[in-house]
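J.: sequence unknown, structure follows:
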């Protein structure tokens with residue numbers, strides 16, 4: 001190649017580089033193009049390179065959640081009608097906004113991310129990689145664990161051995177009567193499923209409209225259950241865990257229905273089996289009726305004479321009729337208290353202050369500011 005051609009080639013290269021440099025410098029505010037980024041561990045989504053004007057609009061009162069939306073896609077790969085976005089936490093970091101879901105993303109779902117960049121929406125879909133593993137997750141227990149339940153039971157808890165995926169619950173749960181027929185319209189199917197933070201416990205609500213007297217559902221459909229009849233709650237093994245694996249097996253809970261529970265829990269009827277001083281014996285609280293598993297596990301606390309929490313572990317036993325507390329250290333002699341939240345419920349949703357199904361002529365709903373009640377016991 002001649003010297004002249006080499007000079008012309010170098011000149012063309014320099015002109016191209018200069019053009020690219022000028023293009024970059026002339027981009028709005030010198031900022032890059034916004035992009036949606038899924039973190040490598042699939043625990044966070046961020047939108048980077050957001051222009052200062054868009055960020056300013058957000059900080060002027062336009063909430064991130066109105067412009068940065070994440071959805072679980074349905075089986076058709078779309079967002080269902082009236083579907084709510086996933087809940088989570090938003091954080092602005094420099095020119096980025098980061099979203100961390102309240103419940104971790106799962107390999108069993110596909111997701112859609114939407115961000116409003118000025119007047120236009122950006123979209124990105126993603127799937128977590130599925131693990132090629134055999135099923136290992138199973139149903140540990142369904143609560144209430146009792147086989148005899150009141151006709152006006154309000155909810156079931158389903159405890160799994162590992163984290164589960166969202167949006168697969170109602171299609172994998174069935175309620176059957178004694179003939180094996182499906183009981184229709186039994187559950188309150190919520191768009192935002194009720195999961196524990198670790199995604200290991202699912203709360204299944206029965207339709208309260210068929211429990212509360214005087215409501216349309218109750219009058220039209222009647223009670224979900226019949227007193228004296230037998231039923232089965234089935235969980236299908238096709239319910240996927242957080243890694244996209246099916247359960248190890250189906251699970252079945254059989255139970256019989258007894259009369260309605262229309263009385264509030266009575267602390268005066270509770271029996272306290274106090275431990276001995278200088279021992280690590282358990283303290284046992286007998287409720288004299290089954291209590292709500294999820295609430296009883298966290299609304300009862302043991303306090304010492306200084307009204308400080310006593311360290312230890314709590315465990316429901318005897319089909320949720322009892323609560324057993326095991327201290328971390330030996331008991332010292334003295335007076336103790338049991339702090340009980342007034343919203344503690346029995347199986348029918350009746351708490352310490354109010355009945356779930358209120359007859360306004362005989363039992364009005366309490367509006368007091370009371371939050372807790374105390375029971376005293378002595379360790380000798």
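T.: Cool, the structure landed. This structure is a prediction, so every number in the text was calculated from the model and none was measured. Residues are numbered from 1 along each chain as shown.
J.: Give the buried residues for stretch 341-350.
T.: By neighbour count with 16 or more other C-beta atoms under 10 Å, stretch 341-350 contains the buried residues 341, 342, 344, 345, 346, 347, 348, 349, 350. No exception for glycine: its C-beta is placed from N, CA and C like everyone else's.
J.: Show the end-to-end separation of that stretch, please.
T.: Taking C-alpha to C-alpha, to the nearest Å, stretch 341-350 runs 13 Å from one end to the other.
J.: residues in contact with it?
T.: Contacts to stretch 341-350, defined as C-beta atoms under 8 Å, 6 or more residues apart in numbering, come from residues 144, 149-150, 152-155, 208, 211, 260-265, 289-292, 295-296, 299-300, 351-353, 356-357, 370-373.
J.: redo that, cut-off 6 Å
T.: 144, 150, 152-154, 261, 264-265, 289-292, 295, 299, 351-353, 356, 370, 372 (C-beta atoms under 6 Å, 6 or more residues apart in numbering).
J.: from those residues, which would you call buried?
T.: Among the contacts of stretch 341-350, those buried by neighbour count (16+ other C-beta under 10 Å) are 144, 150, 152-154, 261, 264-265, 289-292, 299, 351-353, 356.
J.: hang on, isn't residue 70 packed against residue 114?
T.: No: counting by C-beta atoms under 6 Å, residue 70 stays clear of residue 114, with 7.6 Å between them.
J.: Tell me which of the two has more neighbours.
T.: Taking other C-beta atoms under 10 Å, residue 70 and residue 114 do not tie; residue 70 has more neighbours (20 against 16).
J.: okay, the buried residues of stretch 341-350 in CSV with pLDDT next?
T.: Supplementary listing: those in CSV, determined by pLDDT from 0 to 100:
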residue, pLDDT
341, 97
342, 96
344, 97
345, 97
346, 97
347, 97
348, 96
349, 96
350, 96
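J.: Now for this protein, the helix or strand with the poorest mean pLDDT.
T.: Lowest on mean pLDDT, DSSP states H and E among the helices and strands of the chain sits helix 3-25, with a mean of 42.
J.: mind listing what the next helix or strand after that helix pairs with, with the direction of each?
T.: Next along the chain after helix 3-25, taking DSSP states H and E as the criterion, comes strand 35-38. Strand pairing for strand 35-38, determined by DSSP bridges: strand 45-48 (antiparallel).
J.: Packing partners of the helix or strand just after the partner strand?
T.: Next helix or strand after strand 45-48 toward the C-terminus (DSSP H and E): helix 52-59. Of the remaining helices and strands, none touches helix 52-59 by 3 or more C-beta pairs under 6 Å, 6 or more residues apart in numbering; DSSP states H and E.
J.: Buried residues, helix 52-59. List them.
T.: In terms of neighbour count (16+ other C-beta under 10 Å), helix 52-59 has its buried residues at 54, 58.
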